[in-house]
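[1] make a model of this:
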Amino acid sequence: MKNISNELKVGFFAIIVIIIFSYMTFKVGRITFMWEKGYRVYAVFDDINGLDERSRVKIAGVDAGIVEKITLEDGNARLTLLMNPDVKLYKDASISLKMAGMLGDRYLAITTGTPGQPVLKAGDSITNVLHAADLDMLAHELTTAATYIGDLAKNLQNTFGQSERDALSEAIHNLRTITL
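    Prediction:
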């Protein structure tokens, strides 16, 4: 060992550090190795806003795969999913886009389907796509509903004159006195 130069020792140390950092990058960054095992299935969505490659695929809340690739095909998003080899999906499996938190992170949720159905093989597609409500559309509908409620309140206020409001106030006061 005394014959090994300092440069060679530093070189070995640098190679070991690079290997460790590479391994950690793949594990922490959830990047798949080329030789990682699993099988690929496909799904087509109209809109996958907030979903990225390397997003998680979950079954019953448990990680079951990742979104390996996203391509645009005929105006729709075609997803390539790399599923864990021990996960069985059946012909009637369904898939939907879910929110992981309030920050907008998305993941795919899959229900495996009925065990009596044929098993999906590598290269098959999940055809039962459940579309989730779009948050922008939901916010727009809530804004519209709030506007209608505001208009209703104005109409009710205009319908009742001062005498009707006074009579209603007196009736409420009388009810309070009777119930005490």
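[2] which stretch of helix or strand covers Ser169?
    For Ser169, the host element (DSSP states H and E) is helix 162-179.
[3] which elements pack onto that helix?
    Here helix 162-179 touches no other helix or strand, going by 3 or more Cβ pairs under 8 Å, 6 or more residues apart in numbering; DSSP states H and E. For every residue, glycine as well, the C-beta is placed using N, CA and C.
[4] pull the distance from it to the chain's centre.
    Distance of helix 162-179 from the chain centroid (Cα atoms, centre = their mean, to the nearest Å) equals 52 Å.
[5] list of residues touching that helix?
    Helix 162-179 is contacted from outside by Phe160, using Cβ atoms under 8 Å, 6 or more residues apart in numbering.
[6] Ile48: what's it in contact with?
    Neighbours of Ile48 in contact, by Cβ under 8 Å, 6+ apart: 70, 77, 79, 97, 106.
[7] pLDDT of the longest strand anywhere in the chain, averaged?
    Assignment by DSSP state E gives strand 62-73 as the longest strand of the chain. The pLDDT scores in strand 62-73 average 92.
[8] which parts of the protein are helices?
    Assigned helices in the chain, in chain order: 6-28, 135-159, 162-179 (criterion: DSSP state H).
[9] the second one to helix 162-179, inter-axis angle?
    An angle of 100 degrees separates the directions of helix 135-159 and helix 162-179 when computed by axes from the mean of the first three to the mean of the last three Cα atoms, to 10 degrees.
[10] what residues sit buried inside helix 135-159?
    If you call a residue buried by 16 or more other Cβ atoms under 10 Å, then helix 135-159 has no buried ones at all.
[11] off-centre distance for that helix?
    For helix 135-159, the distance to the chain centre is 29 Å (Cα atoms, centre = their mean).
[12] thank you, goodbye.
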